[in-house]
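S.K.: for reference, the sequence and a predicted model appear below.
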Amino acid sequence: MASDRVPAHLKPNLPPLSLYVPEPKFRPGDTVDFTQVPIPPAGQARRPDIADPADTFRELAFDLVRVLDDSGQAVGPWNPRLPPDTLRAMLRSMALVRAFDERMFRAQRQGKTSFYMKCTGEEAVAVAAAFALDYEDMCFPSYRQQGLLIARGWSMVDMMNQIYSNTADRLQGKQLPIMYSVKEAGFFSISGNLTTQYPQAVGWAMASAAKGDTRIAATWCGEGSTAEGDFHSACTFASVYRAPVIFNVVNNQWAISSFSGFAGAESTTFAARAVGYGIAGLRVDGNDALAVYAATAWAAERARTNQGPTLIEHFTYRAEGHSTSDDPGQYRSAGEPTAWPLGDPIKRLKEHLIAIGEWDEARHMAQDLELAESVKRAQKEAEANGILGHGLHQPLDTLFDGVFEEMPWHLREQQAQMIAEETASGRPWARKA
């Protein structure tokens with residue numbers, strides 16, 4: 001039977017179709033006004049029981065878990081009530097991360113390394129999480145979570161050796177600077193390919209559960225990376241098998257030069273991704289170290305008691321450029337970092353400790369000086385092993401090491417060919433001992 005419907009293209013009153021292209025609120029030269037960003041009062045969000053089904057607290061994917069209020073007090077049901085010594089240790093780790101970032105940024109500008117990425121304004125995301133997780137839990141980071149290693153007490157010299165790709169680089173110069181790999185500290189190798197760490201974290205968590213272990217996995221990505229297929233594959237597997245994993249989405253408002261709207265921020269929150277997969281979702285003040293700690297500890301206990309995965313959106317702001325290769329002044333207003341309504345995570349934790357009588361400005365200034373000197377000493381020690389700016393530091397024939405446990409025949413052939421060509425060229429190169 002023939003349809004009596006009129007084809008759409010023959011209906012003259014229909015408006016033409018159009019696409020919506022997201023546009024950031026502020027561009028270079030604009031005056032910044034963040035008053036439209038909803039910031040609920042600290043202590044308002046409820047804290048469900050660890051065993052509550054994910055569909056009973058969906059509102060937490062749209063709310064904002066906050067602990068520190070405007071007067072520096074810790075309030076509400078998410079207050080982790082940490083002892084002052086732990087708070088001071090967290091503050092110290094965050095301040096050390098910032099001091100480390102500052103010196104390595106300058107090292108790149110001095111030509112000592114090729115590339116660096118700071119996490120200024122996001123220190124709480126990694127440091128507070130590291131304090132909430134067990135040391136044996138496995139972390140699958142993105143490239144702005146150096147705070148995990150520093151909070152776990154890892155050697156800054158070892159980290160710098162990797163940044164400089166020098167003779168002591170444990171990765172033999174095979175990784176881009178800042179793409180650390182530290183198995184001993186539960187820090188999985190960073191990849192420049194976005195979100196590959198998400199399915200890897202789920203696979204590791206599933207293996208831990210299959211073996212009857214007690215260790216869980218945690219992984220991090222930026223909000224833009226939630227548009228990658230790996231993100232959704234990971235969520236599917238984690239949801240189906242209730243994998244003991246924590247998904248951290250660091251919503252710092254910007255990818256390299258694209259604002260979060262291109263990843264869907266104007267439509268809903270990134271924590272809302274959890275709702276569609278039937279897993280627990282929390283949206284957290286990422287500049288509130290106590291809120292990050294509380295949310296991570298809650299999610300970790302949930303994972304460890306077989307309640308499944310949790311997705312945490314850390315609502316924060318990338319205060320500086322995406323990397324040393326980036327100029328944020330070309331695509332956003334210069335006033336954004338200082339106008340961000342959630343403030344600076346280090347300053348907020350410092351003010352909390354001062355408010356409860358466990359810290360003061362003099363001690364904080366003394367600590368900053370001490371940490372700056374410790375980073376300087378570490379840099380001097382690392383640079384004794386060489387810097388990237390002075391050329392190749394690894395023996396050339398190590399290029400093929402670490403790819404396979406046992407080198408296959410075709411790589412042995414390629415290695416021999418490379419050595420023969422280099423020898424014939426007369427160029428100096430060092431064979432490993």
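M.R.: That came through, no problem.

S.K.: what's the spacing between stretch 379-391 and its chain's center?
M.R.: Distance, stretch centre to chain centre, for stretch 379-391: 26 Å (CA atoms, centre = their mean, to the nearest Å).

S.K.: contacts for it, please.
M.R.: The list of residues contacting stretch 379-391 from outside it, by CB atoms under 8 Å, 6 or more residues apart in numbering, reads 103, 107, 110-114, 156-157, 160-161, 163-169, 177, 393. Every residue, glycine included, has its C-beta placed from N, CA and C.

S.K.: could you give me the buried positions within that stretch?
M.R.: Across stretch 379-391, burial judged by 16 or more other CB atoms under 10 Å covers 379, 382-383, 385-388.

S.K.: span of that stretch from start to end?
M.R.: Start and end residues of stretch 379-391 are separated by 18 Å (CA to CA, to the nearest Å).

S.K.: just to check, residue 127 is in contact with residue 94?
M.R.: Yes: the pair residue 127 and residue 94 passes the contact test of CB atoms under 8 Å, sitting 4.9 Å apart.

S.K.: higher neighbour count, the two?
M.R.: Under the criterion of other CB atoms under 10 Å, the comparison of residue 127 against residue 94 puts residue 127 first, with 33 against 26.

S.K.: related to what we said a few turns ago, mind giving me the PyMOL select for the contacts of stretch 379-391, buried ones only?
M.R.: Buried residues within these, by 16+ other CB under 10 Å, are selected in PyMOL with:
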select buried, resi 103+107+112+113+156+157+160+161+163+164+165+166+168+169+177+393
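
S.K.: got the buried residues for the helix or strand harbouring residue 369?
M.R.: Using DSSP states H and E, residue 369 maps to helix 361-383. Neighbour-count burial for helix 361-383, counted by 16+ other CB under 10 Å, picks out 364, 367, 371-372, 375, 378-379, 382-383.

S.K.: which of the buried residues of stretch 379-391 has the weakest pLDDT?
M.R.: By pLDDT, residue 388 ranks lowest within the buried residues of stretch 379-391, coming in at 91.

S.K.: helices of the stretch 151-300 of the chain, start to end?
M.R.: 156-164, 197-210, 229-241, 273-277, 289-304 (DSSP state H, counting those that start in this stretch).

S.K.: now residue 336: closest residue in space that isn't a chain neighbour?
M.R.: In space, and not counting its chain neighbours, residue 336 is closest to residue 32: 5.3 Å by CB to CB, 6 or more residues apart in numbering.

S.K.: does the one you found sit in a helix, a strand or a coil?
M.R.: coil (DSSP: H, G, I helix; E, B strand; the rest coil).

S.K.: quick check, it in contact with residue 333.
M.R.: Yes: applying CB under 8 Å as the test, residue 32 and residue 333 come out as touching, 5.1 Å apart.

S.K.: identify the contacts common to these two.
M.R.: Common neighbours of residue 32 and residue 333, counting by CB under 8 Å, 6+ apart, are residue 26.

S.K.: who has more neighbours out of the two?
M.R.: The neighbour comparison of residue 32 against residue 333 (other CB under 10 Å) goes to residue 333, with 19 against 16.

S.K.: and that one, how far from residue 24?
M.R.: Distance from residue 333 to residue 24, counting by CB to CB, to the nearest Å: 9 Å.

S.K.: one step back: check which element follows the helix holding residue 369 along the chain.
M.R.: Counting by DSSP H and E, what follows helix 361-383 is helix 409-425.

S.K.: average pLDDT for that following helix, rounded please.
M.R.: 90.

S.K.: over to stretch 317-333?
M.R.: Mean predicted confidence for stretch 317-333 is 96.

S.K.: now do stretch 246-263
M.R.: 95.

S.K.: contact partners for the residue nearest to residue 392 when sequence neighbours are not counted?
M.R.: Spatial nearest neighbour of residue 392, excluding adjacent residues (CB to CB, 6+ apart): residue 173 at 7.4 Å. Applying CB under 8 Å, 6+ apart, we find residue 173 in contact with 165, 392-394.

S.K.: still on that earlier bit, closest to residue 146 out of the buried residues of helix 361-383?
M.R.: residue 375 (12.3 Å; CB to CB).

S.K.: the closest one contacts residue 96, correct?
M.R.: Yes: under the criterion of CB under 8 Å, residue 375 makes contact with residue 96 at 7.4 Å.

S.K.: what touches both of residue 127 and residue 94?
M.R.: With CB under 8 Å, 6+ apart as the test, residue 127 and residue 94 both reach 147, 289.

S.K.: the bottom helix or strand of the protein by mean pLDDT?
M.R.: helix 409-425 (a mean of 90; mean pLDDT, DSSP states H and E).

S.K.: how far does that one sit from its chain's centre?
M.R.: 39 Å.

S.K.: equivalent analysis for stretch 44-58, please.
M.R.: Using CA atoms, centre = their mean, the offset of stretch 44-58 from its chain centre is 25 Å.

S.K.: list the buried ones in that stretch?
M.R.: 45, 47-48, 54, 57.

S.K.: average pLDDT for it?
M.R.: Averaging pLDDT along stretch 44-58 gives 98.

S.K.: could you dump it to PDB, C-alpha only?
M.R.: The C-alpha coordinates for stretch 44-58 follow below in PDB (Å, rounded to 0.1, in the frame of the first residue of the first chain):
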ATOM      1  CA  GLN A  44      25.100  19.600  51.100                       C
ATOM      2  CA  ALA A  45      25.500  16.400  49.200                       C
ATOM      3  CA  ARG A  46      24.400  13.200  50.900                       C
ATOM      4  CA  ARG A  47      26.700  10.300  51.400                       C
ATOM      5  CA  PRO A  48      25.100   6.900  50.500                       C
ATOM      6  CA  ASP A  49      26.100   3.700  52.200                       C
ATOM      7  CA  ILE A  50      28.800   1.800  50.500                       C
ATOM      8  CA  ALA A  51      26.400  -1.000  49.700                       C
ATOM      9  CA  ASP A  52      23.600   1.100  48.200                       C
ATOM     10  CA  PRO A  53      22.600   0.300  44.600                       C
ATOM     11  CA  ALA A  54      23.900   2.800  42.100                       C
ATOM     12  CA  ASP A  55      20.400   3.800  40.900                       C
ATOM     13  CA  THR A  56      19.500   5.000  44.400                       C
ATOM     14  CA  PHE A  57      21.800   8.000  44.400                       C
ATOM     15  CA  ARG A  58      21.800   9.200  40.800                       C
END
